[in-house]
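Q: got a predicted structure plus its sequence, pasted below:
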Amino acid sequence: MQVHKTDLPGVVIVEPKVFGDERGFFMETWNQARYAEMVTADAFVQDNVSFSRKGVLRGLHFQKINPQGKLVYVLQGEVFDVALDIRVGSPTFGQWASVVLSAENKRQFFIPAGFAHGFCVTSETALFAYKCTDKYNPQAEGSVLWNDPDLNIPWPTDTPELSAKDEKGTKLADFSVELLPHY
């Protein structure tokens with residue numbers, strides 16, 4: 001297993017070992033002891049899967065209470081994935097890291113608690129998996145505007161398909177510091 005650090009402390013790209021032959025492949029997607037050495041993660045408490053079509057953009061999501069660390073990867077298709085540091089007082093506040101995740105490259109992306117997360121589907125469809133360090137709390141969710149001009153994230157589309165919640169996202173600079181996680 002290889003772990004690649006990004007410019008954001010704690011945000012890493014993981015390339016699991018893949019064992020393949022003419023029949024297909026096998027890979028370990030999570031091993032508590034092995035991952036504890038590479039990523040700072042509390043115990044994962046919830047797994048989620050989403051399915052989306054090309055051009056769907058989900059994010060940039062976070063939770064004000066019960067912030068979630070996430071280990072994410074793609075089971076089918078391809079996405080452009082983004083982690084955004086929204087921790088008030090962090091030296092990397094407002095900075096982001098991105099990676100292309102696909103069923104083909106089998107990469108995983110670890111996003112620590114306190115970061116906003118989003119992805120855009122670049123293949124015809126994508127089946128996306130999340131391991132989360134805290135439970136989903138719909139009353140505490142927030143959404144940073146996907147195309148916030150201050151962030152300048154190079155999303156692979158200018159006209160994504162968005163949820164109503166994501167259409168109403170807030171620019172990072174417009175959030176009250178009380179509504180964001182702290183470093």
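A: Structure received.
Q: enumerate the beta-bridge partners assigned to the residue nearest the centre of the chain.
A: Nearest to the geometric centre of the chain sits H117, at 4.1 Å (Cα atoms, centre = their mean). Beta-bridge partners for H117, by DSSP bridges, are H61, A83.
Q: least confident secondary structure element in the chain?
A: Within the chain, no helix or strand scores below helix 32-36, which has a mean of 77 by mean pLDDT, DSSP states H and E.
Q: which helices and strands does it pack with?
A: Judged by 3 or more Cβ pairs under 8 Å, 6 or more residues apart in numbering; DSSP states H and E, helix 32-36 is in contact with no other helix or strand. Quick note: C-beta positions are derived from backbone N, CA and C, even for glycine.
Q: and it, what's buried?
A: Using 16 or more other Cβ atoms under 10 Å as the test for burial, helix 32-36 gives Y35.
Q: elements contacting whichever helix or strand comes after it?
A: With elements assigned by DSSP states H and E, the helix or strand that comes after helix 32-36 is strand 46-53. For strand 46-53, the elements it packs on are strand 125-132, judged by 3+ Cβ pairs under 8 Å, 6+ apart.
Q: mind listing what the strand it packs on pairs with, with the direction of each?
A: strand 46-53 (antiparallel), strand 70-76 (antiparallel).
Q: distance to W30 and mean pLDDT for the ones you listed - can I get that in JSON lines?
A: Formatted as JSON lines, the strands paired with strand 125-132 follow (distance: least, Cβ to Cβ, whole Å; pLDDT from 0 to 100):
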{"stretch": "strand 46-53", "distance to W30": "9", "mean pLDDT": "96"}
{"stretch": "strand 70-76", "distance to W30": "7", "mean pLDDT": "97"}
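Q: many thanks, have a good one.
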